[in-house]
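> Got a sequence here, can you build the structure:
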Amino acid sequence: MTDPGSVSAELLDEAVELARQAGVLTLDWFNDHELSVRRKDDGSPVTEADKAAEAFLRESLANRFPDDAVIGEEFPEQQGTSGRTWIIDPIDGTRSFVRGVPLYTTLLALIDQQGPAIGVAAVPPLDEAVWAGRGLGCYHNGRRCQVSSQAELSRSYLCASGFEWWPEGAFARVSQTGARMRTWGDGYGYVLVATGRTDAMIDPGLNVWDIAPMLVIIPEAGGRITQWNGSTTASAGDWLTTNGTFHEELRTLLQKNE
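Predicted coordinates:
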């Protein structure tokens, strides 16, 4: 019997199709040595590829779901009347994208009246994607996937998008556990957690479009995702994702005051 709180499989399929198509668009600019990179007010890079992929998604969503709201990284918020909101990050990991690193992702999420409903993370250069719908499970390229069963933090592998945003002392505390630390994370780090290839992702300073898809993907894969303060609200903040077995232990280390 279908969970009454689940979303429709058809809606999830549409979201996956759109995210993957938008991701394919970005490949037209990937590894282009003449790519123009502009700096936004916050210093982060933006390219023609970011704007083209988000414009495609916005137009596609407007045609299919005209009453839904849309929030994206590159364009102003579009108001809606349905109570549903789509959230877009056309290229999560633009810094990776402009350096030719094939680990950036195209992210699409849906939040409805019951909360996070759909999450898709496509990895265009690798022709890889992870997606989930509330009550429908998590899938990696069409096959059901789940987080790892690693129970010991000291034997785990942890991902991060970088360490420059970590509060002083946090890196030392986590590394002293014996956990193996890896980078080049961004959205791909969450793909690795959802598929059991790494055990945790530590990501401070995120915007809502960076994290929204993961609020469905990770729980449906059997893991845990919270802000460092324990909140699970879809909002900007410092986020921790794990396979669930040592989540609180790691969260305590990240929060600990000097």
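> list the contacts for residue 170?
With contact set as Cβ atoms under 8 Å, 6 or more residues apart in numbering, residue 170 has these partners: 253, 254, 256. C-beta here means a position set from N, CA and C on the backbone, and glycine is covered the same way.
> actually residue 137, not the one I typed
144, 220.
> Between the two ends of stretch 148-163, how far is it?
With Cα to Cα, to the nearest Å as the measure, stretch 148-163 spans 24 Å from end to end.
> Residues contacting it, please?
With contact meaning Cβ under 8 Å, 6+ apart, stretch 148-163 is reached by 93, 166, 171, 174, 177-186, 189, 192-193, 196-203, 243, 245-246, 249-250.
> Now residue 39: closest residue in space, sequence neighbours ignored.
residue 45 (6.2 Å; Cβ to Cβ, 6 or more residues apart in numbering).
> Put together a markdown table for the contacts of residue 170, with pLDDT on each row.
Output for the contacts of residue 170, formatted as a markdown table (pLDDT from 0 to 100):
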| residue | pLDDT |
| --- | --- |
| 253 | 94 |
| 254 | 93 |
| 256 | 73 |
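> Kindly write the ChimeraX command that selects the buried subset of those residues.
A single ChimeraX command suffices to select whichever of these are buried according to 16 or more other Cβ atoms under 10 Å:
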select :253,254
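> which among the contacts of residue 170 gets closest to residue 39?
Using Cβ to Cβ, residue 254 is the member of those that sits closest to residue 39, with 29.3 Å.
> What's the end-to-end length of stretch 126-135?
Using Cα to Cα, one end of stretch 126-135 lies 27 Å from the other.
> does residue 227 have beta-bridge partners, and which?
Residue 227 has these beta-bridge partners by DSSP bridges: residue 239.
> show me the contacts for it.
Taking Cβ under 8 Å, 6+ apart, we find residue 227 in contact with 233, 237, 238, 239, 240.
> one step back: I figured the residue nearest to residue 39 hits residue 93, correct?
No - contact criterion Cβ atoms under 8 Å: residue 45 and residue 93 do not qualify, at 10.4 Å.
> and these two? which has more neighbours close in?
Set residue 45 next to residue 93 and count neighbours by other Cβ atoms under 10 Å: residue 93 wins out with 25 against 15.
> Going along the chain, name the helices of the stretch 51-200 of the chain.
Assigned by DSSP state H, counting those that start in this stretch, the stretch 51-200 of the chain shows helices spanning 94-98, 170-175, 186-194.
> Could I get the ones you listed in a markdown table, plus columns for distance to residue 36?
Output for those, formatted as a markdown table (distance: least, Cβ to Cβ, whole Å):
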| stretch | distance to residue 36 |
| --- | --- |
| helix 94-98 | 10 |
| helix 170-175 | 34 |
| helix 186-194 | 21 |
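> Dump those into TSV; add mean pLDDT as well.
Converted to TSV, the helices of the stretch 51-200 of the chain look like this (pLDDT from 0 to 100):
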stretch	mean pLDDT
helix 94-98	90
helix 170-175	92
helix 186-194	97
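> Where does the prediction get shaky in the stretch 1-150 of the chain?
Counting by pLDDT under 70, the stretch 1-150 of the chain shows low-confidence ranges at 1-4, 43.
> Tell me where it has strands.
Under the criterion DSSP state E, counting those that start in this stretch, the stretch 1-150 of the chain carries strands at the ranges 37-39, 45-47, 69-72, 85-92, 105-112, 115-123, 128-133, 137-140, 143-144.
> Run a quick neighbour tally on residue 242.
Quick note: residue 242 (other Cβ under 10 Å) scores 28 neighbours.
> residue contacts, the nearest residue to it once chain neighbours are set aside?
Once flanking residues are discounted, residue 242 sits nearest to residue 200: 4.3 Å by Cβ to Cβ, 6+ apart. Contact partners of residue 200, counting by Cβ under 8 Å, 6+ apart, are 156, 157, 158, 159, 179, 193, 240, 241, 242, 243, 246, 250.
> Please name the bridge partners of residue 200.
When assigned by DSSP bridges, residue 200 has beta-bridge partners residue 158, residue 242.
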